[in-house]
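A.B. asks: Build me a structure from this.
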Amino acid sequence: MGTTNLLPGALRKLSGDGWLLFLSRFTRLFAYGSLSVILVFYLIGLGLSESQTGLVLTLTLAGDIAVSLYLTTRADRIGRRRMLCIGAVLMAAAGLAFAFTSNLLFLIVAGTIGVISPSGNEVGPFLSIEQAALSHIVPGHARTEVFAWYTLAGAFATALGALFGGVVTQGLQRAAVTPVMSYRVIVLLYAALGGLLGVLFTGLSAQVEAAEEGKQRSALPTVGGRFFGIAKSRETVLKLASLFALDAFGGGFVMQSFAAYWFYLRFGVRPAILGAIFFWANVFAGVSALAASRIAARVGLVWTMVVTHLPSNLLLILVPLMPSFRFAVTILLLRFSISQMDVPTRQSYTMAVVRGEERSAAGGLTGVARTAGAAVSPLFAGFLFARPSLIDTPFFIAGELKIVYDLLLYFSFRKVRPPEEGQPR
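C.D. replies: Next up, the predicted model:
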């Protein structure tokens, strides 16, 4: 009882399934974070050029689109646990393939079919299905706060993973291990954590599945037909998906792998220091998510998404304009301290404005849209990073595109409120 009283209000009544979903999120994001710091270094160490590396990352994210779309749009009908386990198997398989081949074609195939995160952010079917499950087992008034803590758990895991990846690889290199082999250790760990994820998902109960009546409704024909598991919520989901794709397209230019590589090219920063930088960046991002839930309770989800995201994108543009490493890191950390405040609010908003039996599909489609947007930009970023005079350009492109997203989101959805906020006057 005493331990329970120490927990935040929204987490005190979280079921065993809820805590298991938090643990799976932590495990997965630790793996993503550790890989993101070293992935570009690893691929270049295997003999790939910057342009080829950008191609691999683009096609890897493109493959995640197909995997996510297939699994998430069927999860509510076929089974959320089943689809999560399949995703875990694909994650483990991709890690093993990346660890044991240096062939460009094989890397592309493995990245396309499997689940690899080059950004440190969520990829694959996991996030959408887990959020649908959480929305199913927590009340609407607590959803945003639970999502905020869920985001914090992931951000903290990403931070620890980034720190772990940087410190371990540098430690191994000091012990006379070749750079490529030190990076391969992290890739193998990624595969192992994918296997562990599958074990965790088998422990979920039937409570996380869509309600039987929801499954039956989703199987019935509807006016206008269904679009990848979406019927009544189609227009809303398509609008959100298009906007999220634009945001992710901008963010893909400065995904964590490329941002780490930029610090190396610009200031000669080594992996251990990069790991520490992105540890604190992700910690700040995660803590900011908690503030987002409090702000949203007062001004609403849409306004919170926009008002916190705009200044973070202005800071992103300023990063390459800084005259020194210390100033660049300071601006980057300031940016991270507010940049992720839109994440739990965006996720909560999506779950709130769609029908309950369409949540996995809605999360999947909007998640796939984000992955699709992010999949295109690394190809362009790779070409820019291959030219020393253009390595700052990705920051400018990313910041400007994300500002456009913020403005479009506000004007498109300022009058569409979730049930718990009521209707605008």
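
A.B. asks: Provide a list of residues in contact with G124.
C.D. replies: D64, V67, S68, L71, G87, L90, M91, V115, S117 (Cβ atoms under 8 Å, 6 or more residues apart in numbering). Placement of C-beta: from N, CA and C, glycine included.

A.B. asks: Please name the residues that touch the closest residue to it other than its chain neighbours.
C.D. replies: Of all residues not flanking G124 in the chain, V115 sits nearest, at 4.0 Å (Cβ to Cβ, 6 or more residues apart in numbering). Contacts of V115 were listed using Cβ under 8 Å, 6+ apart, and they are D64, V67, G87, L90, M91, A94, V123, G124, G194.

A.B. asks: Quick check: V115 vs T101, distance?
C.D. replies: 17 Å (Cβ to Cβ, to the nearest Å).

A.B. asks: who's in contact with V287?
C.D. replies: V287 neighbours (Cβ under 8 Å, 6+ apart): L152, A155, S337.

A.B. asks: Next, the buried residues of the helix or strand hosting it.
C.D. replies: Assessed by DSSP states H and E, V287 sits inside helix 271-299. For helix 271-299, a neighbour-count test (16 or more other Cβ atoms under 10 Å) marks 271-290, 292-293, 295-296 as buried.

A.B. asks: circling back to that earlier point, relative to E357, which of the contacts of V287 is nearest.
C.D. replies: L152 (28.4 Å; Cβ to Cβ).

A.B. asks: so what's that closest one closest to, chain neighbours aside?
C.D. replies: Going by Cβ to Cβ, 6+ apart, L152 has G286 as its nearest residue, at 4.1 Å.

A.B. asks: roughly how far apart are the one you found and I273?
C.D. replies: 21 Å.

A.B. asks: same thing with G251?
C.D. replies: The spacing between G251 and I273, counted by Cβ to Cβ, is 23 Å.

A.B. asks: cool, and L265?
C.D. replies: Distance from L265 to I273, by Cβ to Cβ: 14 Å.

A.B. asks: What of L57?
C.D. replies: From L57 to I273 the distance is 23 Å (Cβ to Cβ).

A.B. asks: residues in contact with F383?
C.D. replies: E50, S51, G54.

A.B. asks: nearest to Y32, of those residues?
C.D. replies: Of the contacts of F383, the one sitting nearest to Y32 (Cβ to Cβ) turns out to be G54, at 18.8 Å.

A.B. asks: one step back: so which of the contacts of V115 are in helices?
C.D. replies: D64, V67, G87, L90, M91, A94, G194 (DSSP state H).

A.B. asks: Nearest to S360, out of these: which one, please.
C.D. replies: S360 lies nearest to G87 out of those, by Cβ to Cβ, at 12.3 Å.

A.B. asks: how many other residues sit next to the closest one?
C.D. replies: 28 (other Cβ atoms under 10 Å).

A.B. asks: now swap in L105 and tell me
C.D. replies: A total of 8 residues lie near L105 under the criterion other Cβ under 10 Å.

A.B. asks: Secondary structure element holding it?
C.D. replies: For L105, the host element (DSSP H and E) is helix 104-113.

A.B. asks: Quick one: list the elements packing against that helix.
C.D. replies: The contact analysis (3 or more Cβ pairs under 8 Å, 6 or more residues apart in numbering; DSSP states H and E) places helix 104-113 against helix 50-78, helix 80-99.

A.B. asks: Correct me if wrong: the residue nearest to L152 contacts A159.
C.D. replies: Yes: under the criterion of Cβ atoms under 8 Å, G286 makes contact with A159 at 7.0 Å.

A.B. asks: ok, back up a step: wait, which of the helices and strands packed on helix 104-113 is closest to G382?
C.D. replies: Counting by Cβ to Cβ, G382 lies closest to helix 50-78 out of those; the figure is 1.9 Å.

A.B. asks: Nearest residue to Y183 in space, ignoring adjacent ones along the chain?
C.D. replies: Y42 (3.8 Å).

A.B. asks: average model confidence for stretch 103-112?
C.D. replies: Computed over stretch 103-112, the mean pLDDT rounds to 88.

A.B. asks: Give the buried residues for that stretch.
C.D. replies: Residues L104, L107, I108, V109, A110, G111, T112 are the ones in stretch 103-112 that count as buried (16+ other Cβ under 10 Å).

A.B. asks: Show me what that stretch is in contact with.
C.D. replies: Contact with stretch 103-112 is made by 43, 46, 48, 52, 55-57, 59-60, 62-63, 66, 93-94, 97-98, 101, 116, as judged by Cβ under 8 Å, 6+ apart.
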